[in-house]
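> Take this sequence and fold it.
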Amino acid sequence: MLTVSKIKKIAITLLTITSLLMVGFITSCSLMTQSSIKAQHTSTIIPAVSNEQLIQHVKQLSITNHPRNYTNLDNLNAAADYIKQQLSLYSVKISEQPFQVEDDTYRNIIARFGPEQGERIVIGAHYDSCGMTRGADDNASGVAGLLELARLLKDNPPTIPVELVAYSLEEPPFFRTDNMGSSFHARWLAETKQPIKLMISLEMIGYFSDKPNSQHFPFEFMKKLYSDQGNFIAVISNMDNRKVTGKVKSLMMGATDLPIYSLNAPTFVTGVDFSDHQHYWKNDFPAVMVTDTSFYRNHHYHEEDGDSWDELDYNRMAKVVQGVYIVIQHY
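This is a model prediction of the structure:
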């Protein structure tokens, strides 16, 4: 028979367990979101990003070079040629990394800035698209950001080596395989023992919405930790790169009024490793993804003939580029 004393003991035990679970949950959330990170302001003058240039690049890739999937080699090569030509306006150190997949040759396009020696920052974005989607956000937006970064770095040379890389073959059927262009690049860096300070993958940086419930998450409770409006940019990585993520987030927060959120989580959380940064993790390089969160926000993700240039927010995309620029200059 339960006495009053026993009931009190049970109640106290349950209360203690509940409290410990809540502390654990809050601690886990804090570890994942790094919500206590403060903006790191710098004295660097942030150069203007050209919305017109961003639009031009996105239209070139999503209209002129459409479709640019792995089966349309002519369009894919035309996209690579365009990226190479644009990068050559801003750097004399342009190269290609050709690689073979299933009897066809694909190309990574590389531009280098700053000194030759020292720890390197790599900024990458894939230029191929999935199927018949126009791929404006995925991932012409990332490439446009890469090209604008090149323009800014020409006028404001970095003090450490910086490598901008446009990759091929991020999309299915090569996604998450060693046939991705970023896998070839990351393995080359590892094999040649290049010292890497940071890698940032620009993966869909142009789609924003201020509408309530326009933002979705892997788990519903995450809306309480972030926002239900898709009006922010995210810095994503695994748990091993919490310090790296925090520093990138802090610098971006100090560079722009665009809300910057972050997530560090295991790769079983859907989307955490869904871009080129995954291959840098595999080769023990510190890497993060900067993203508008892809299919958690953009309804036209991988939609046939969808994801068009006129659905993007170029003002906010420019702020993302400025944030990454400050990371390059101060990381």
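> what about the helices in the stretch 151-300 of the chain?
For the stretch 151-300 of the chain, helices defined by DSSP state H, counting those that start in this stretch occupy the ranges 181-191, 242-255, 277-282.
> need the ones you listed in CSV with mean neighbour count and mean pLDDT, can you?
Using the backbone N, CA and C atoms, a C-beta is placed for each residue, glycine as well. Below are those laid out as CSV (neighbours: other CB atoms under 10 Å; pLDDT from 0 to 100):
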stretch, mean neighbour count, mean pLDDT
helix 181-191, 21, 98
helix 242-255, 21, 98
helix 277-282, 23, 98
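> can those helices go into JSON lines with extra columns for distance to E148?
Shown next, in JSON lines, are the helices of the stretch 151-300 of the chain (distance: least, CB to CB, whole Å):
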{"stretch": "helix 181-191", "distance to E148": "20"}
{"stretch": "helix 242-255", "distance to E148": "14"}
{"stretch": "helix 277-282", "distance to E148": "20"}
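> With respect to I94, which of those lies nearest?
Set against I94 and scored by CB to CB, the helices of the stretch 151-300 of the chain come closest in helix 181-191, at 14.9 Å.
> Pull up the gap between T133 and K243, please.
Look at T133 and K243: by CB to CB, to the nearest Å, they are 36 Å apart.
> Let me see the backbone angles for I45.
Dihedral pair for I45: phi -70, psi 120, per degrees, to the nearest 10.
> Number of residues surrounding it?
Neighbourhood size, I45 [other CB atoms under 10 Å]: 6.
> Ok, E170 next?
The burial count for E170: 28, using other CB under 10 Å.
> what about it, distance to G135?
Noted for E170: a distance of 11 Å to G135, by CB to CB.
> Can you pull the residues that touch both of these two?
Residues touching both E170 and G135 (CB atoms under 8 Å, 6 or more residues apart in numbering): D128.
> pLDDT-wise, which helix or strand of the protein ranks last?
Lowest by mean pLDDT, DSSP states H and E among the helices and strands of the chain is helix 4-33, with a mean of 51.
> right, and the helix or strand after that one?
For helix 4-33, the following helix or strand on the C-terminal side (DSSP states H and E) is helix 51-59.
> now the angle between helix 51-59 and the following helix or strand past that next one, please.
Next helix or strand after helix 51-59 toward the C-terminus (DSSP H and E): helix 73-87. Interaxial angle, helix 73-87 versus helix 51-59 (axes from the mean of the first three to the mean of the last three CA atoms, to 10 degrees): 160 degrees.
> burial measure for G142, as a count.
Counted with other CB under 10 Å, G142 comes out at 33.
> Would you confirm that L149 belongs to a helix?
Yes. Under DSSP: H, G, I helix; E, B strand; the rest coil, L149 sits within a helix.
> can you tell me which residues contact it?
I123, L164, V321, V324, Y325, I328.
> now those residues: which count as buried?
Burial by neighbour count, judged by 16 or more other CB atoms under 10 Å, picks out I123, L164, V321, V324, Y325, I328 from the contacts of L149.
> Show the low-confidence segments of the chain, by residue range.
Along the chain, the parts satisfying pLDDT under 70 run over 1-31.
> biggest strand in it by residues?
Scanning the chain for the strand with the most residues, using DSSP state E, yields strand 104-113.
> moving C-terminal of that one, what's the next helix or strand?
strand 120-126.
> Can you list the strands that that following strand pairs with?
Its sheet considered, strand 120-126 pairs with strand 162-167 (parallel), strand 196-203 (parallel) by DSSP bridges.
> Direction-wise, compare the last one with helix 181-191 and give the angle.
Strand 196-203 runs at 180 degrees relative to helix 181-191, counting by the same axes, to 10 degrees.
> who's in contact with strand 196-203?
119-126, 138-139, 141-143, 145-146, 160, 182, 186, 189, 244, 248, 274-277, 280, 285-291, 294, 324, 327, 331.
> got it, and the first one?
With CB under 8 Å, 6+ apart as the test, strand 162-167 has contacts from 80, 83, 87, 108-114, 120-128, 143, 146, 149-150, 153, 180-182, 185, 276, 328.
> Next, the angle from that strand to strand 104-113.
Interaxial angle, strand 162-167 versus strand 104-113 (the same axes, to 10 degrees): 160 degrees.
> So what's the gap between strand 162-167 and the chain middle?
Distance, stretch centre to chain centre, for strand 162-167: 13 Å (CA atoms, centre = their mean, to the nearest Å).
> cool, and stretch 135-150?
Counting by CA atoms, centre = their mean, stretch 135-150 is centred 11 Å from the centre of its parent chain.
> gap between stretch 262-276 and the chain center?
Taking mean C-alpha positions (CA atoms, centre = their mean), stretch 262-276 and its chain are 11 Å apart.
> which of the residues in that stretch are buried?
Neighbour-count burial for stretch 262-276, counted by 16+ other CB under 10 Å, picks out S262, L263, N264, A265, V269, G271, V272, D273, F274, S275, D276.
> Partner strands of the longest strand of the chain and their direction?
The strands beside strand 104-113 in its sheet (DSSP bridges) come out as strand 94-101 (antiparallel), strand 162-167 (antiparallel).
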